[in-house]
Structures are given as C-alpha cells and as structure tokens.
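S.K.: dropping the sequence and predicted coords here.
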Amino acid sequence: MSRRDERLARDTEVDSVATLFLWLRGGAVGGLAFLVGVGLFFFLLRGRFAGEAGLAASALGRWRVSAWVYYNAHLVPTEGVALEAFSVVAGGGNTLLLLAAEEPLLYGLFLLPPALLVVAGYRTAKRRPKNTSWLRAGAAVAVGYCFVAAVFLIVASIEPAPPVIEVPAGREVGPNPWLAIGLAALAYPTVFGPLGAVLGRRAPWTRPSQQRRERQRGRQ
C-alpha cells in the first residue's frame, strides 16, 4: 500500500469516528433539550394552579401536567382535561393558552421549544469536526429530540391512579398522540434543529488547544 493510500485510509477512519461521535453528541444534546424544557415548565408552573385546578394537578401529578403543558407549547392540545388557573376544563384544550389568556407574559413560553432546539443545533454544529455538514449536525439533534419526545409521550400518557376531578372515569387524558408525534417529535426538531446548526456552522471555532496557545501569547 502506498503512502497516499495509507493516508486516505487513515483519514477515512478518522472521519468515520468523528461522524459517529457527532451523531451521539447531537442525539444526546437534542434529548437533553427536551428534558430541559419539561424541567423549566415544571419550575415555571409551580403555584400557577389553585382551587379545582390545583386538586386536579395534584391528582394527575405535577410532573405530568408540566409535560402536557410543554407539549402545548408545541401547539399540541391535551385531550380529556385542560387546566385553567382555578378551574378544570373537561374535554381538553391547550392549558398553556388558557393560562396565557389570564397572564399574557406566558405567551412567551411558546418560543421556548424553538429556542432550545436552535441552541442545541448551534452548539452541536459549532463543536463540529471541520468536515461535518450542518445538515448532519441538525439531523442528529432532531433525532435525539424526537426520540425523547416520543418516549415521554408514552410515559406522560399513563393514566393516574386516583380519579381526577371533573373527568369521567375511564376517559383517556393526555396530549393528542398524532399531533404530539407530528409537531413535537417531528416538525419542530426537523425545522429548528437544523436552523441552529446553520448558525453554528457559520460561527468561528478554534480547537481548545489553539485557544490556550492564543491566550498564552496574549499574556506574553
């Protein structure tokens, strides 16, 4: 084997490892973005429900309600029950819209899922190997976000053990599954993940070792 062939084989092996690392990293960042969104909603919705809505949120589980409202931020309605600040809306609806109608600042939460995906795509593409396309970085983020959104939909749709106020026994409650898959798991990540990757691909980036050398030169 000639030196040229050896160099080509070595470069191909390095590219394959870098690509695999990119998919793993992008998938992990995308999945983490979804979990961060649910966590932020859990924190922001504390104390938002009182009266009948507070009793229903306790019966459903506040973590489950937070997940539902995060799906609401993807324009996915909740079936079976929706919560206003003080009352329960039987039949379903968009809890985030109902809360925002009383507190307009909450409309800004509809921007949180796109913002998290753009940041995830940006960070994944910015720390890329130089031979990696923004499309691959964005796709990796989208796959991770889609996977966690689909799994979380199953977990959050498990029926609570105690009966829920204003909800007839046996009625299924949870995010609309088809819209959750179509919007939260597919549309949002495939649009905003690559958008962030485009921005990250255009951002300047130097290796950490090079950054350290530049800082040392600056001190001298």
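M.R.: Now that the structure is in, tell me what you want to look at.

S.K.: ok, the residue nearest to the spatial centre of the chain to Leu24 distance?
M.R.: Centroid-nearest residue in the chain: Phe34, 2.5 Å away (criterion: CA atoms, centre = their mean). Distance of Phe34 to Leu24, given as CB to CB, to the nearest Å: 17 Å. All C-beta spots, glycine's among them, are computed from the backbone N, C-alpha and C.

S.K.: Gly144 is in contact with Val29, isn't it?
M.R.: Yes: the pair Gly144 / Val29 is scored as a contact, 6.5 Å apart, by CB atoms under 8 Å.

S.K.: for the residue nearest to the centre of the chain, helix, strand, or coil?
M.R.: helix (DSSP: H, G, I helix; E, B strand; the rest coil).

S.K.: that one touches Leu153, doesn't it?
M.R.: No: judged on CB under 8 Å, Phe34 makes no contact with Leu153 at a distance of 10.6 Å.

S.K.: can you tell me the average pLDDT over stretch 37-57?
M.R.: Averaging pLDDT along stretch 37-57 gives 91.

S.K.: quick check: buried residues in that stretch?
M.R.: Gly37, Val38, Phe41, Phe42, Leu45, Arg48, Phe49, Ala53, Gly54, Ala56, Ala57 (16 or more other CB atoms under 10 Å).

S.K.: assign the second one to helix, strand or coil.
M.R.: Put simply, Val38 is helix when judged by three-state DSSP.

S.K.: check contacts around it.
M.R.: Val38 sits next to Trp63, Ser66, Ala67, Tyr70, Phe152 when contact means CB atoms under 8 Å, 6 or more residues apart in numbering.

S.K.: for the last one, which non-adjacent residue is closest in space?
M.R.: In other words, Phe152. Ala67 (6.1 Å; CB to CB, 6 or more residues apart in numbering).

S.K.: mind listing what the one you found touches?
M.R.: Val38, Phe41, Phe152, Val155, Ala156.

S.K.: burial measure for Gly182, as a count.
M.R.: Number of residues near Gly182 (other CB atoms under 10 Å) recorded here: 14.

S.K.: quick check: phi and psi at it.
M.R.: For Gly182, the backbone dihedrals are phi -70, psi -40 (criterion: degrees, to the nearest 10).

S.K.: in stretch 108-121, what's buried?
M.R.: Applying 16+ other CB under 10 Å to stretch 108-121 flags Leu109, Phe110, Leu112, Pro113, Pro114, Leu116, Leu117, Val118, Val119, Ala120, Gly121 as buried.

S.K.: good, we can wrap up now.
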